Structures are given as C-alpha cells and as structure tokens.
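Q: following is a predicted model, sequence given first.
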Amino acid sequence: MNLNRVGAIISKDFYWAKSNSKLLGITLMPALMNIFFAKVAGASTFAVGLSFSISFLGVFLTSFLLIEEKRRGTLKALLTTPLTNSELLFGKFIFTFSLCLLIACFGLAINKRFDLFLNPFVMLNIAIFSATTCFVGFIQGLFFKNEQEMSIAAPIVMVLFVIGSAIDDATDADVAAFFPDYHFTHALNSSELSNFELLYHTTYSFIIAAVTFIFAVAFARFYFSNNEEKRFSTKLTLYLASFLGVFIISGLISPSLIQEKKKTKEAGFATVKFKSNAWRGEISYDSPAVILKKVLNSKDMKKFKFIKDDLEVSVQVRVTRFHEEFEKNREKKIRSKKFTTILAKEDLIIKSLKFRKWVYLQDKNKLSVLVESFCNKQLFQVFFDVEKSNLEKVSKSVKLLDQILLKTELECLDGKPI
Amino acid sequence: MSVIDVDRISKAYGSFKAVDKLSFSVEKGECLGLLGSNGAGKSTTIKIITGQIKPDSGRVEVQGNCSETDPKKVHSVIGYIPDDQTVYEELTVEQNIDIFRQIHELPKKRTGEIIKTLSLIDKTKVKVKNLSKGLKQRVLIARALVHDPKVILLDEPTTGLDPSSAESIYEILENLKKTGSTILLTTHLMNDVERLCDRIIFINKGEKVEEGSPFELKAKYKNKSVKVQTVDGVEHDLELGDELTNKIDGLNQDIFSINTYEPKLEDIFIKLIRGNKNESE
C-alpha cells in the first residue's frame, strides 16, 4: 500500500467534503445532534447522542463519498490510475474514521465529560464503534448505485445502529446485546462497570467490527471484480441479509459471554429472595461453595451470614421502599464519587454490573451503603450495613456482597414506580 | 512492435454481444480511430483495454502488460480520457489535477506545468463547475496527461463540444502526435478521424467490419459514378463506364457541369453499417 496515494485520497475527500454542500451537511449534522442531545435532551442521554451522531456520520458520509464518486464517474477515473482499490478504500476510511473520532471528542467536550478522554477503554470503544459504522458505510456505498437506492435501505440499517440502547431500556438486555450501540453506550459509562463488563462490551464491539469488516472486504471484492449492475431488489435483499449475517455471526462467536449471563440467571444454585410492601428483589449466586439462603419478608433489617470458602462475614441487608435513612441523613449523603474515594482509602473498590449508583452513609458504628439501580424504568434500592468494628473484614465482605450483587436481577412486583 | 495488442476479445451481456472476437493492434506513434455507431462496442473495447471490464475471452496487452492480470501496470503507462466529464465539479482546476499528480507521485511543480501546457493558467483557481464543457474537457485531458503517458486512450473526446472547443482539443491531440505519443480514440464523429487518425477500424455489433487508413478506405470505396448537372439545375448520378456518354445524351438537356467527387467517410460508414444490416437480414 502506497501511503502517498492514500494521502491523495484523504486530502481530496477533505477538500471535496468542504466544498460539496451535500457532504458538508452530512458532516455538520452530527455536530448539531451532539449539541441538541447535550443542551436539550440532557446529560443522561449523552451516550445515546454520541452513538447516534457517530453512526450517522460513519454510515452516511462513507457511503455518500462512494456513491457520489460512482454517480459522477470519478471512481473509474481514479481506478484507471496506479491507485489500487485498497488504497482508495483505506484513504476514505481514514478520512471518515478521523471525522468520527473528532465528532466523538466534540460530543464528549460538549457534555463536559473530559474525564473520558483519559479513559483508554472508552477511547478504544469509540474507535471500534466508529470503525464499524465506516465499514457499514462501505458496504452501503459499494452496493447501491445512487442516493435514491440508498435512501430506501439506509434507514433500516441506521435503526439497527441506534436501537440497542432503546431496547435495553425497554426490555431485556440480552436482546439489546446483539446491537453494537448497546455495548458502546454501556462502555461510555465505564466508571460504573466492572472490568469484566468493560471487557465484555469491548470484546463484543470488536467482534461486530471484525465481522462487518470481513463483509465490507467481501463486498468490495465483489464490486470491483463484477461490473455488471444487479437489480435493486437483489441488491437490497443481499444488503439486508448481510446485516443479518453480521449479527448472527457476531452472536455465534461472542455469546459465550451472553450465554454465561443467561446460565447464571437460570441456574439459581443459591437464591435469596427479599420482599417489601411494594417490590421484590432476587439475588442469585451460581457458586455451589456459597451457602446462602435467607428470605426477607419485611422492611426490617435482617442479618445475613455469608460463607464462602474460609471467609465468613455477617452483614445486615435491608431493602427499602424509599431510602428513609438516606432522607433523614440528607446532610450526610455523599455521592458515588466520594464514596468510591473513601472506599478506595479503605482499599475497598466496588464495581457493579447491575447497580449504577452507590450512596454512602457513615454512622458512628457502621458503614451503611445504599445501592440504586434503574431497571424497567423503576428505581430499585438496596440498603446494607456493615459493622465498623469489623472493619478489617469490610473489604472482603463488600467484595463478596458485590459479587452477589453482580448477579442480582431486581424486578418490580406491582409495577408501580417507587 | 505494437504498443497496444488486442487479441480476439469478446464480451457479452446476457445474450447481447458487445464485442465479438475483435483483434487489432496499435503501433508506436500511431493514432488509431475506432469508429462505430452508438452501441457498436467502442466504449466496451476501450474499457477492456483499460482493465475496467474483464473480457469473456481474448487478451489485451499494453506495452507488454496484460490488462486483465496486471491492470495497475497498464494504468501507470496510459492516459485515459473517459467519455463522460468525470471531474470534481466543486474543486478548482488545480485541485482536480493535483489529485492525479499526487496519485502518480510527481513533484508539485508538475501540476503547474500541465496547466500551462493545456492553456488553463487563467482558470487555475476557478471551480470546475463554472467552466464551459470545452474547458472541462481540457481539464480531463490535463488530468490524464499529468504523468506524461506515451499511450493515450480517448473515449469520444469531442462529442457534445462546439466546433471551436473541438478545434482546441484537435490541436492538443495533434501536438501529442507530434511528440510521438500513441493514441487510440473511439468516436462516431468523422471529423475526429479525418483530422487525427492514421488508421481507422470500423466496428459494428462488436465486430470489425473494415480497417485501413482514411486514404485507403476512400480509394477502396471510391465512387463509381459522376454527378451531372443540367442547365435546368437538376443533378443526375450517372455510373461510370462505356455507356456514360449515351446516358448523358439520353438526358436531352444542355450540360451545366460534370463532376466526380471524393467519397466521405460518413458515406463509407453508412454503407458498411447498412450493408452489414442487410446481410444480417
């Protein structure tokens, strides 16, 4: 591959996108989307806004760059020079991929999430997601002859790239896990994730990117070796089938992780059920080494005895309808960031797969922890106390509890929001 | 030694034969014209030569490089001017040419040189969309010649241009001929070939139907009649031969003029195509 020729394509696309109103519009639109999501929709949707703007830019700009070249005949002019097909596509990839990264950085900056710039996992996930959208753009751009053809197919695929997080909020995360934006939006909240989960999301995103790349290469080879124009219906069927292929193949390769999650839920070796007036929580733990069976029937604090291997820890767990203690001690509340800091001092690092917010309350004799989680648009809270006198065991106990909470699935019994 | 060697190439789209066992060669410094009506297979032939389309059978070599198996080597030695004006309309003349200069890895000054050669110097910073069709064609030629190729392929270079723009293209191509470039052009315009070509190949339905220099073809298809104009202004085509004087007498009119006339390539072209059509019927 000759980098001078790749550079020629990058600089050409840069000048072209700058002076072509259609291409300029596609480039600027994601920036406006980011501003909209940040200023209007609020910071809570910043991850969705970012995934939406990156997929819009990656998919549409890449495909428009190719389709415009095909429509005008400049593609054949370029390819009757020493420029190779791979140099052409690589040049275009670098251009759109860089723009995707720029728009992602813009999105992070406008949402004042400067902390994420230094998070390698987040940046890696942004790169993987951007690359995936560019590969999709290549498939689309090579497949369709003009904008009219593309405008029929593109929205379907665009939806596939932004629907994951919506499904995640609405229904079961296992279905959402098949869509790349689900993993991307979760990875953006890396501070609330365990290492396992970060790895899981990154791996799955990488597998989707790799499969999409293989499909893009296959289509490029097909396009450049076969000059005969296929019927639109044939192309559309092949195009949509290819994305089904991407998801099926990605699913076949990576769901060992998903299946593991499912198995955990279904196995139920040891279960703790706890109930309050309004809702019920369920804790499952899959290790036979854990002997853990206790049922809470009221709001009253119950003592739990966790035994794992040689470790025996007693903690008190309480499930509250609304965190009364928290309300009473409002002045004492410390948000999750500080809590993490305090725990870090005590060498306690809590990361949870399911629970997204931790609130810490400090009393004279005990360490009280309130865990908040959103599931089915409901707020769930688990409140537990750990005796301070037993502080040397707190680290292990919190870690053990965290392991249990990792497997926790809470659901609302009566469906009423708390 | 042939610079372009086309050996029995065929290409079909379904049941339609676009090119059928076509063979010819172009010698060094020669200008060859491929003539044919629309859909005769001219553009398909040139696309096969440039490696854009793979032939169903046959082989094409350009300066010893096979177009099918080694297209990039072919592309580095040819300058190809396509039939449609495939330029980046929103970019300036200089930017359009510079892309191709960079692809050929030539120094920056080469862009300025070719702009000067093609007399586009006052249009350097003008966006191509603001240029006339004739000037756009010049940009296309400048782009194709930026690496100073010795083999130039032109697909209908003057189609749709006004006479003055066409004239300027002829002048550029004549200058290229003088520098020893080998030129292959396809056209259905007889002016192009009469002005530029050393040799012509007539193509119909993908097959070669006639070949020769313009002079040879005109001699071969010379008219076997004279044009006799009588004083009443009527023109009569009378066949040459022993009976000619009797036929003139038979007109029973005073003669105003008797002329022979040189056959035009158009006439030969039409005759060949009609002849071919009648044969097929």
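A: Yep, it's here.
Q: return the nearest residue of the stretch 51-200 of chain A with respect to chain B.
A: Nearest residue of the stretch 51-200 of chain A to chain B: A:Gly73, at 3.5 Å (CB to the nearest CB). Where C-beta positions appear, they are placed from N, C-alpha and C, glycine not excepted.
Q: count of neighbours near that residue?
A: 15 (other CB atoms under 10 Å in any protein chain shown).
Q: so it sits against B:Asp84, correct?
A: Yes - between A:Gly73 and B:Asp84 there is a contact at 5.1 Å, judged by CB atoms under 8 Å.
Q: pLDDT at the residue of the stretch 51-200 of chain A closest to chain B, what is it?
A: A:Gly73 carries a pLDDT value of 84.
Q: contacts only, for the residue nearest to A:Phe90 when sequence neighbours are not counted.
A: In this structure, A:Phe90 finds its nearest non-sequential neighbour in A:Val6, 5.5 Å apart by CB to CB, 6 or more residues apart in numbering or on different chains. Contact analysis of A:Val6 by CB atoms under 8 Å, 6 or more residues apart in numbering or on different chains lists A:Glu87, A:Phe90, A:Gly91, A:Ile94.
Q: cool, and B:Tyr88?
A: Contacts for B:Tyr88 were tallied using CB under 8 Å, 6+ apart; they are A:Lys12, A:Trp16, A:Arg72, A:Thr74, B:Gln95, B:Asn96, B:Ile99, B:Val128.
Q: now what about the one helix or strand A:Ala154 maps to, what contacts it?
A: Element membership for A:Ala154 (DSSP states H and E) is helix A:147-160. With CB under 8 Å, 6+ apart as the test, helix A:147-160 has contacts from A:55-56, A:59-60, A:63-64, A:67, A:71, A:136, A:140-141, A:143-144, A:179, A:232, A:235-236, A:239-240, A:243, A:247.
Q: and stretch A:203-223, what's buried?
A: Using 16 or more other CB atoms under 10 Å in any protein chain shown as the burial criterion, the residues of stretch A:203-223 that qualify are A:203-213, A:215-216, A:219-220, A:223.
Q: got it, and stretch B:96-114?
A: Judged by neighbour count (16+ other CB under 10 Å), stretch B:96-114 contains these buried residues: B:96-104, B:106, B:110-111, B:114.
Q: for it, how far is the first residue from the last?
A: 12 Å (CA to CA, to the nearest Å).
Q: Provide the contact partners of that stretch at residue level.
A: Applying CB under 8 Å, 6+ apart, the external contacts of stretch B:96-114 come out as A:2, A:4-5, A:7-8, A:11-12, A:78, A:81-83, B:76, B:87-88, B:91, B:94, B:115, B:128, B:139, B:142-147.
Q: can you rerun that using 6 Å?
A: A:4-5, A:8, A:12, A:81, A:83, B:87-88, B:128, B:139, B:142-143, B:146-147 (CB atoms under 6 Å, 6 or more residues apart in numbering or on different chains).
Q: likewise stretch B:199-213?
A: Stretch B:199-213 is contacted from outside by B:17-20, B:22, B:24, B:32-36, B:40-41, B:193, B:272-273, B:276, using CB under 6 Å, 6+ apart.
Q: dump the C-alpha coordinates for stretch A:100-107 into CSV.
A: The C-alpha coordinates for stretch A:100-107 follow below in CSV (Å, rounded to 0.1, in the frame of the first residue of the first chain):
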residue,chain,number,x,y,z
CYS,A,100,-16.0,10.1,13.6
LEU,A,101,-13.3,10.4,16.3
LEU,A,102,-13.4,14.2,16.0
ILE,A,103,-17.2,14.2,16.4
ALA,A,104,-16.9,11.9,19.4
CYS,A,105,-14.4,14.2,21.0
PHE,A,106,-16.7,17.1,20.3
GLY,A,107,-19.6,15.1,21.9
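Q: so which bits of that stretch are buried?
A: A:Cys100, A:Leu101, A:Ile103, A:Ala104, A:Phe106, A:Gly107.
Q: mind putting those residues in JSON lines, secondary structure and distance to B:Leu120 included?
A: Formatted as JSON lines, these follow (DSSP: H, G, I helix; E, B strand; the rest coil; distance: CB to CB, whole Å):
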{"residue": "A:Cys100", "secondary structure": "helix", "distance to B:Leu120": "37"}
{"residue": "A:Leu101", "secondary structure": "helix", "distance to B:Leu120": "38"}
{"residue": "A:Ile103", "secondary structure": "helix", "distance to B:Leu120": "37"}
{"residue": "A:Ala104", "secondary structure": "helix", "distance to B:Leu120": "41"}
{"residue": "A:Phe106", "secondary structure": "helix", "distance to B:Leu120": "39"}
{"residue": "A:Gly107", "secondary structure": "helix", "distance to B:Leu120": "43"}
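Q: for A:Lys303, give me the pLDDT.
A: The model's pLDDT for A:Lys303 equals 43.
Q: what does the one 10 residues further on give?
A: In the predicted model, A:Val313 carries a pLDDT score of 39.
Q: ditto for A:Val394
A: So, for A:Val394, pLDDT stands at 47.
Q: and the furthest pair within the contacts of B:Tyr88?
A: The span of those, defined through CB to CB, is set by A:Arg72 and B:Gln95 at 14.8 Å.
Q: just want to know which of these two has more residues nearby.
A: B:Gln95 (20 against 16).
Q: ok, the residue lying closest to that one once chain neighbours are set aside to B:Leu131 distance?
A: Leaving aside its chain neighbours, B:Gln95 sits nearest to A:Tyr15 (5.7 Å; criterion: CB to CB, 6+ apart). The spacing between A:Tyr15 and B:Leu131, counted by CB to CB, to the nearest Å, is 17 Å.
Q: same for chain B: which of the buried residues of stretch A:100-107 are within range?
A: Applying CB under 6 Å from any CB of the partner chain, the subset of those adjacent to chain B is empty.
Q: with those in mind, which one is nearest to B:Glu68?
A: Looking across the buried residues of stretch A:100-107 and measuring by CB to CB, the closest to B:Glu68 is A:Cys100, at 37.2 Å.
Q: quick one, phi psi at the residue found closest to A:Thr74 once you drop the neighbours it is linked to in the chain?
A: Nearest non-adjacent residue to A:Thr74, counting by CB to CB, 6+ apart: B:Thr86, 4.9 Å away. Phi and psi for B:Thr86, reported as degrees, to the nearest 10, are phi -90, psi 80.
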